[in-house]
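Colleague: sequence and predicted structure, then a few things I'm wondering about:
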Amino acid sequence: MLTKKFEAQQEDTTLKAVFNYLEQGWSDKKKMSQDLLSYWHVKDELGVQNGLLMRSCRLVIPASMKLKILDKLHAGHFGITKTRLRARETVWWPGISEEIAETVRRCSVFTSSNEEVAMKNRLDKAKRLISMIRVGRLSDIVWTDEKIFTAEVTHISQNHR
Ligand SMILES: [Zn+2]
């Protein structure tokens, strides 16, 4: 996995230039392309760790892998805040924040414009389901939301392990 990301970084023209700048020092800001300027702006936080280009603790993702990573960050179809939080501790590229917001906006599963309301609704729904499971009214559960049912049942069995 790490080797694959490493190669993807090496194959990326922009990132290759960033690697060079980190090794030999940054050139004149005025001569830089727009692409490279977005790295120049955070140059104090950029570094190479074990051959990997990082921004502090975040792996710098080359353009070729962005979509794949956005998909992973948005796994579970959470909202903008939670998806950004996942990225903050793991990966970075210029404009990642906006691209996460765009991904969540396009998501057909996460449709609520208000993340907190959606989260509260999910929780309320789950709580209702749990109480139904507790009293054993399985016939009631059959027509309820399968997704939440599955998620909460998994959660419970983990707690009892
Ligand atoms: Zn989604």
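Modeller: Sure thing, it's come through.
Colleague: list the buried ones in the longest helix seen in the chain?
Modeller: Longest helix in the chain, counting residues (DSSP state H): helix 115-135. Within helix 115-135, the residues that qualify as buried are 115, 118, 122, 125-126, 129, 132-133, counting by 16 or more other C-beta atoms under 10 Å. To be clear about C-beta, it is placed using only N, CA and C from the backbone, and glycine gets the same treatment.
Colleague: for Thr14, see how far away Leu37 is.
Modeller: Separation of Leu37 from Thr14 (C-beta to C-beta, to the nearest Å) stands at 11 Å.
Colleague: who has more neighbours, the two?
Modeller: The neighbour comparison of Leu37 against Thr14 (other C-beta atoms under 10 Å) goes to Thr14, with 18 against 12.
Colleague: that one reaches Ile61, doesn't it?
Modeller: No - using C-beta atoms under 8 Å, Thr14 is not in contact with Ile61, being 11.5 Å away.
Colleague: residues contacting Thr90?
Modeller: Thr90 sits next to 58-59, 73 when contact means C-beta atoms under 8 Å, 6 or more residues apart in numbering.
Colleague: try 7 Å this time
Modeller: 58-59 (C-beta atoms under 7 Å, 6 or more residues apart in numbering).
Colleague: one more: the one 4 residues further on?
Modeller: Contact analysis of Pro94 by C-beta under 7 Å, 6+ apart lists 38-39.
Colleague: any idea of the pLDDT on it?
Modeller: Note for Pro94: predicted pLDDT of 97.
Colleague: could you look up the SS state of it?
Modeller: When classified by DSSP: H, G, I helix; E, B strand; the rest coil, Pro94 comes out as coil.
Colleague: measure it to the ion for me?
Modeller: As judged by C-beta to the ion, to the nearest Å, Pro94 and the ion stand 23 Å apart.
Colleague: kindly report the same for His74.
Modeller: Using C-beta to the ion, His74 is found at 5 Å from the ion.
Colleague: let's see the pLDDT reported for that residue.
Modeller: Reported pLDDT at His74 in the predicted model: 92.
Colleague: phi, psi of it?
Modeller: When read as degrees, to the nearest 10, the backbone of His74 gives phi -90, psi 10.
Colleague: so who does it touch?
Modeller: Counted by C-beta under 7 Å, 6+ apart, His74 has contacts 83, 103-104, 107.
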